[in-house]
Every structure is written in structure tokens, then in C-alpha cells.
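Undergrad: got a structure for you, letters missing:
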């Protein structure tokens, strides 16, 4: 049975990395003390080692150890043997590029389908959708494709941000951008606000956390859903 | 002699499309009453016709007529025959994708090198740099390459935005994103604030408008330059 957490962000304002999620993660990863970490998104361009060390500090609080996938000679085998997988945030283009280069997309899809618990935050959540076309990141590298895992039959917009009515900046709001996406694509987009996450258990998808989420469907007005809502029918 | 305007935005807050630039453009396009417009970036997903009509309203104020490149059967010939070219803003991915599909990158490079005046705003400015890797836009389509015109030997970040010290959002600031870009790429990036532009005349590149610009060079601390500064040595 699939078992996935798709979180908007690793860190909420004023908090430490993952602390708002730790109790949830203690239960989520209860069958393993060791989690395979995919540090490919390299936030701020930090190295895989630096990123893994940082994430270890967070997971040590719930007595889990994190091992970076870059520490294995054979990353495919590392995925196959993992009892829990976490893909952290950073730059989605850098992340997806490295996943394709290391030929890991299909094996991760297979293992997560077969029940390996998968946690994603930010960029690591973005790739749970059908494509990375609704990332907020700067395209600092050119990946071979924008297609991602498709654990859910829609796209994710993590760090969803409401328009700022006081802004004098002429760049597009997030909502404008997602509406533009729907001029060229038809799948729904779920905007997840910082502090919320989607829980996927088998075929059941539930919004968790304290905040509403914003749903964008093709040719429909965007709408809000409350925490606890099911998204299993959205596609 | 090359003759290019690379503007951060078409519209400044509270203004009408292009009005802050119109007197500049009257002089810039003085040798033609007809400007070839490239509407491929489709802001908000509007059609090529809708976008061209909108831009015509602005140019009519200085007695110029705009014709959309999509109105020609042979867009390459349209570029060759144009006495002035304007590429408007919108989504850089959509713009670059269409330029590649219509096989127009090389012909525009050639004509602009030979002296056809070129005006870009926003996405239309982004593509004046070496690559589109420093666009702010959402990657709603997958273009065949991120390589762009390279009219200047650096990258452009239009709509450059200073960090908001009051923000509680955990997304990256623009400066953080450009620093990340430099973990994977070495060319400089020029952050142009809304209301400023670069003027390229032959080999001379000058910052124009009322605002400073922010320069990001590989392995250097970012710095500000004043309006009127020359960027001809930046590469």
C-alpha cells in the first residue's frame, strides 16, 4: 500500500527544520530507524554531504538516522533496499536533473508503489505530481524532462502563496501563474500552503495540517478546501 | 551597429503599458513607422492577436503601427524584412519554446547583429542574455533548450526584486536564487529593477532609467551600479 507524505515546506517561519512534522514522521517511519535521504535539490547550492548532515540533525530528534543516497556506489540498489525515503527541498530543476542522470525515476516509482514510505518537502513534493511544470524555482539547470513521479494524478504547487494586495511589483502572482499553466496543460494543481501536507495512504489522499489548500482545476474557478478534506477524486 | 533596448518590464506600477519608455522608443524606432511584434510569450495565456492589439494601443501613441509575427505566413521572412522588432513579456518558457519551434533564434540573432533595432521587455529581455536560466517564470511548457540570443555576454534577471525583510514566506529571495544559479553556471547576471533598462549601441552597454541595478558575478559579492554606468566590460 502506498504511504506518502507530500509537504509544502520543510520549515515553517520561525521554526527548525521539520519540527512541525516530527511527531507525524515518528509514526510514518515507525518501521525503520534508517532513512534514505535524496539531497539532490541542494538548497542554496550546498553539497550533498552538507545537506545530509543538516537533515540528520532533525531526524536524530526522533531517533532516526539519515544516509545520503550519494554515499552509495549503486543508488538504484540503495532505493531498492531502503525502508524509508526522504527527498528534501531546494531547486526542483537540479533535483529532477540528477534523478534522471542517475536513472532513478522508475525505480523510485516502483518502490513507492510497493509500499516504501516516501516523504517529500518542497522540491521533493513537487516531484510527487505528474510534472514539475508548477514549481516556483528558478531554472538554473536544464533537465532532460519535466515529467516526475506522478504519485498523485495532479500537479503540486508547494509554498503556495496568496497574492499580496499591497505589492507594487509587476511580476505575476502565484494564482496568475497557475492559471497560465492551464492555458497549456489540463491536469489539476494543488497549492499547498506552508505548514500543510498531503497524506497518501493507498488510494486515499487527505489534506493535513492547519491550513486550507487551494485547488486549481482546468476551466474552473479556483477554490479552497479545508484541512481533512479528501482529494482522492481529483484528477 | 547593434541597437538594442533590454527593459525590465513593459509597465511600471500605476502606469500604462510602455508609457515610461515611449519617448525613448520614439527615437529608438525613428527609422520606421512599423514594428514587427513577437507576441509568443502570451502573458496570462492571451492569444497572439489579443496581445498584438494591446501593444498596438501603446505604440499608436507615438504614431507607430505594430504587426504580429503570427500574421505572416513566413515568420523568417518577416524578421528579415523588419525595420524594428519588439518582443513583449509574458512567460519565458512559452516564448522560447515558440521561437525554437519556428526556427527563429538564428535569424533574429543575425538581423539584430546587422542593426535591426530590437526592444525587449521582461521575457523579451530575458532572452537577450546568454540563457534563460535566470527567468522568474513558471516552467509551464518544456522548451527544447534554455539557450537564448546572447546579445549581451551575461544573463538578465528582469523584474529584479529586493528581499522583503518582513516576509514570513520560506521561498527563496531573488538574490538567493541567483546565488544558486552561480553554483552551476559562471556567467554574470544583471538584475534590472522595474523602470530601468540596458541600452546596447554597438559594443557599448549602458544602464538607463532612474534605478540602480544589481550585478551578480561568479565568486564575487553582489554589488550595485548606478544609472548611467557602462556594462561593456562585464562578461
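TA: That came through fine. The structure presented is a predicted model; accordingly, all values stated were derived computationally and were not measured.
Undergrad: Please make it C-alpha for all contacts and neighbour counts, starting now.
TA: Noted.
Undergrad: Enumerate the residues of chain A near chain B.
TA: Residues of chain A lying close to chain B (CA under 8 Å from any CA of the partner chain) are A:9, A:11-13, A:43-45, A:132-142, A:145-146, A:159, A:161, A:168-171, A:176-177, A:179-181, A:183-185, A:194.
Undergrad: Show me which of the residues you listed are buried.
TA: The neighbour-count criterion (16 or more other CA atoms under 10 Å in any protein chain shown) marks A:9, A:11-12, A:43-45, A:132-142, A:146, A:159, A:161, A:171, A:177, A:179-181, A:194 among those as buried.
Undergrad: So which of those are in helices?
TA: Secondary structure defined by DSSP state H assigns A:177, A:179, A:180, A:181 of these to helices.
Undergrad: okay, those residues in CSV with distance to residue B:61 and pLDDT next?
TA: Rendered in CSV, the data for these read as follows (distance: CA to CA, whole Å; pLDDT from 0 to 100):
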residue, distance to residue B:61, pLDDT
A:177, 30, 95
A:179, 31, 95
A:180, 29, 96
A:181, 33, 97
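Undergrad: any idea how far the most far-flung residue of chain A relative to its centre lies from residue B:11?
TA: Of all residues in chain A, residue A:168 has its C-alpha farthest from the mean position, at 30.5 Å, by CA atoms, centre = their mean. If you measure residue A:168 against residue B:11 using CA to CA, to the nearest Å, the figure is 11 Å.
Undergrad: what packs against the helix ranked longest in chain A?
TA: When chain A is parsed with DSSP H, its longest helix is helix A:48-60. Here helix A:48-60 touches strand A:65-68, going by 3 or more CA pairs under 8 Å, 6 or more residues apart in numbering or on different chains; DSSP states H and E.
Undergrad: what's the pLDDT at the closest residue to residue A:51 other than its chain neighbours?
TA: Spatially, and ignoring its direct neighbours in sequence, residue A:51 is nearest to residue A:39 (6.2 Å; CA to CA, 6 or more residues apart in numbering or on different chains). The pLDDT attached to residue A:39 in the predicted structure is 98.
Undergrad: Ok, residue A:171 next?
TA: According to the predicted model, the pLDDT of residue A:171 comes to 77.
Undergrad: Would you confirm that it contacts residue B:159?
TA: Yes - Residue A:171 sits in contact with residue B:159 when judged by CA atoms under 8 Å, with a separation of 6.7 Å.
Undergrad: Next, name the residue at the spatial heart of chain A.
TA: Nearest residue to the geometric centre of chain A (CA atoms, centre = their mean): residue A:125, 0.9 Å.
Undergrad: distance of that residue from chain B?
TA: For residue A:125, the distance to chain B equals 14 Å [CA to the nearest CA, to the nearest Å].
Undergrad: which residues of chain A fall in strands?
TA: Counting by DSSP state E, chain A has these strands, from start to end: A:3-7, A:34-38, A:65-68, A:85-87, A:118-121, A:155-160, A:189-193, A:197-201, A:204-208, A:213-216, A:223-225.
Undergrad: I'd like those strands written out as CSV, with distance to residue B:208 added.
TA: Putting these into CSV (distance: least, CA to CA, whole Å) gives the following:
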stretch, distance to residue B:208
strand A:3-7, 43
strand A:34-38, 45
strand A:65-68, 48
strand A:85-87, 44
strand A:118-121, 41
strand A:155-160, 35
strand A:189-193, 38
strand A:197-201, 45
strand A:204-208, 49
strand A:213-216, 40
strand A:223-225, 43
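Undergrad: Check the burial of the residue nearest to residue A:207 when sequence neighbours are not counted by counting its neighbours.
TA: In space, not counting the residues next to it along the chain, residue A:207 is nearest to residue A:198; the distance is 4.7 Å by CA to CA, 6+ apart. Using other CA atoms under 10 Å in any protein chain shown, residue A:198 has 28 neighbouring residues.
Undergrad: Hmm, residue A:9 and residue A:198 touching each other?
TA: No - in this structure, residue A:198 is not within contact of residue A:9 by CA under 8 Å, at 11.6 Å.
Undergrad: Phi first, then psi, for the residue nearest to residue A:11 when sequence neighbours are not counted.
TA: Leaving aside its sequence neighbours, residue A:11 sits nearest to residue A:17 (CA to CA, 6+ apart; 4.8 Å). Residue A:17 adopts backbone torsions of phi -50, psi 120, taken as degrees, to the nearest 10.
Undergrad: Thank you, goodbye.
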